[in-house]
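**Student:** what follows is a predicted protein model with its sequence.
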Amino acid sequence: MMVIVLNDAPPRLRGRLAAWLLEVRAGVYVGNYSARTREMIWEQVEAYIDRGDAVMTWRAPTDQGFDFRTVGRNRRMPRDFDGLTLVRFAPVSDRK
C-alpha cells in the first residue's frame, strides 16, 4: 500500500495521479502497486510538483514498517537516526 499527499500541486499532476490512484480526500491518493510502478509514479510527482510539495509513504521491511519520501518546499525534512527515519522541522527562514 502507498499513500501520496499533495499540497499546492498543479491540476495536471492531480489528474495524472488520479489515473493510477484513488483520491480519497483532496490531495490524498492511495493505491497498491509494485516498487517499480511506485517509482514511476514518484518520478511523475517530482517532475510536475512545481511550487507545491508532496510526501509518499509505503509499506517497507524496516523497523518502522514503512518508508517515505518528500519533494518540494516543506518544513518537514526526513533524517536518518540510527536506522530510523525521523522528521526534522527546518526553521521558517530555511523554506526559501
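**Tutor:** Sure thing, it's come through. Residues are numbered from 1 along each chain as shown.

**Student:** where are the low-confidence patches of the protein?
**Tutor:** 93-96 (pLDDT under 70).

**Student:** which residues in it form helices?
**Tutor:** 11-20, 35-48 (DSSP state H).

**Student:** which among those helices is found nearest to residue 55?
**Tutor:** Closest to residue 55 of the helices of the chain, according to CB to CB: helix 35-48, at 9.6 Å. (Each C-beta comes from the backbone N, C-alpha and C, glycine too.)

**Student:** show me what the closest one is packed up against.
**Tutor:** If contacts are counted by 3 or more CB pairs under 8 Å, 6 or more residues apart in numbering; DSSP states H and E, helix 35-48 sits against strand 2-7, helix 11-20, strand 53-59, strand 66-72.

**Student:** can I get the ones you listed in a markdown table with distance to residue 27 and mean neighbour count?
**Tutor:** Compiled in a markdown table, the helices and strands packed on helix 35-48 are given as follows (distance: least, CB to CB, whole Å; neighbours: other CB atoms under 10 Å):
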| stretch | distance to residue 27 | mean neighbour count |
| --- | --- | --- |
| strand 2-7 | 4 | 19 |
| helix 11-20 | 8 | 14 |
| strand 53-59 | 9 | 18 |
| strand 66-72 | 12 | 16 |
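
**Student:** distance to residue 92 added to these, as CSV?
**Tutor:** CSV is the format used below for these (distance: least, CB to CB, whole Å):
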stretch, distance to residue 92
strand 2-7, 16
helix 11-20, 26
strand 53-59, 15
strand 66-72, 16
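
**Student:** figure out which of these is closest to residue 41.
**Tutor:** helix 11-20 (5.8 Å).

**Student:** now what about that closest one, what contacts it?
**Tutor:** 4, 6, 23, 27, 29, 31, 33, 37, 41, 44-45, 48-50, 52 (CB atoms under 8 Å, 6 or more residues apart in numbering).
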